[in-house]
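got a sequence here, can you build the structure:
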Amino acid sequence: QVQLVESGGGSVQAGGSLRLSCVASRYPYSNLCMGWFRQAPGKEREGLGKIYIGGGSAVYADSVKGRFAISSDNAKNTLYLQMNSLKPEDTAMYYCAAGWTCLTWSDFAYWGQGTQVTVSS
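Residues are numbered from 1 along each chain as shown. Coordinates of the predicted model:
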């Protein structure tokens, strides 16, 4: 079973930046599809971006394309989400997730505990 631990959330003013980290363990990292999701109170969970660690480019949701970027340090089994130009509507709990394929946003079986991001205007 894959274990995921996120960090890096916090409070920031609109226009600011944050970088989230997610450390994966208990499974060969290069075999995983990794993704970032968020869920705001009263809203459905939203897929933000995903990447197959073994190779390929990241895919992003339209809502964050051009502002958020996924990267991976394979030597550290760590996935990052760089968030720039943050807006108050980006306020949510952010989750790291892992699965075996990147075909759909539903292909994620393992989830981290989440890290809160709050953007003030």
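
for this protein, which segments count as strands?
Secondary structure of the chain, counting by DSSP state E: strands at 3-7, 10-13, 18-25, 33-39, 46-52, 59-60, 68-73, 78-83, 92-99, 110-111, 115-120.

which residue, other than its chain neighbours, is closest to Asp90?
Val119 (5.1 Å; CB to CB, 6 or more residues apart in numbering). (Glycine included, C-beta is placed from N, CA and C.)

specify the beta-bridge partners of that neighbour.
Beta-bridge pairing of Val119 under DSSP bridges involves Val12.

count of neighbours near it?
Residues within reach of Val119, counting by other CB atoms under 10 Å, total 19.

do the same with Tyr95
23.

residues contacting it?
Listed by CB atoms under 8 Å, 6 or more residues apart in numbering, the contact set of Tyr95 reads 6, 36-39, 45, 111-112, 114-115.

for Gly54, same thing?
By CB under 8 Å, 6+ apart, the residues touching Gly54 are 30-32.

quickly note the distance from the one residue sitting closest to the centre of the chain to Tyr29.
The structure's the chain has its C-alpha centroid closest to Trp36; by CA atoms, centre = their mean the separation is 2.3 Å. To Tyr29, Trp36 is 16 Å away according to CB to CB, to the nearest Å.

can you check Thr78 too?
9 Å.

the two - which one has more neighbours?
When Thr78 and Tyr29 are compared for neighbours, Tyr29 comes out ahead with 22 against 18, by other CB under 10 Å.

surely Ala40 is in contact with Ala92?
Yes. Between Ala40 and Ala92 there is a contact under CB atoms under 8 Å: 4.1 Å.

more crowded one of those two?
Between Ala40 and Ala92, counting by other CB under 10 Å, Ala92 is the more crowded of the two (21 against 14).

from Arg38, how far off is the more buried one?
Distance from Ala92 to Arg38, by CB to CB: 4 Å.

need the contact list for the closest residue to Gly35 other than its chain neighbours.
What sits nearest to Gly35 in space, not counting adjacent residues and going by CB to CB, 6+ apart, is Lys50, at 3.6 Å. Lys50 makes contacts with 33-36, 58-59, 70, 102, 105, as judged by CB under 8 Å, 6+ apart.
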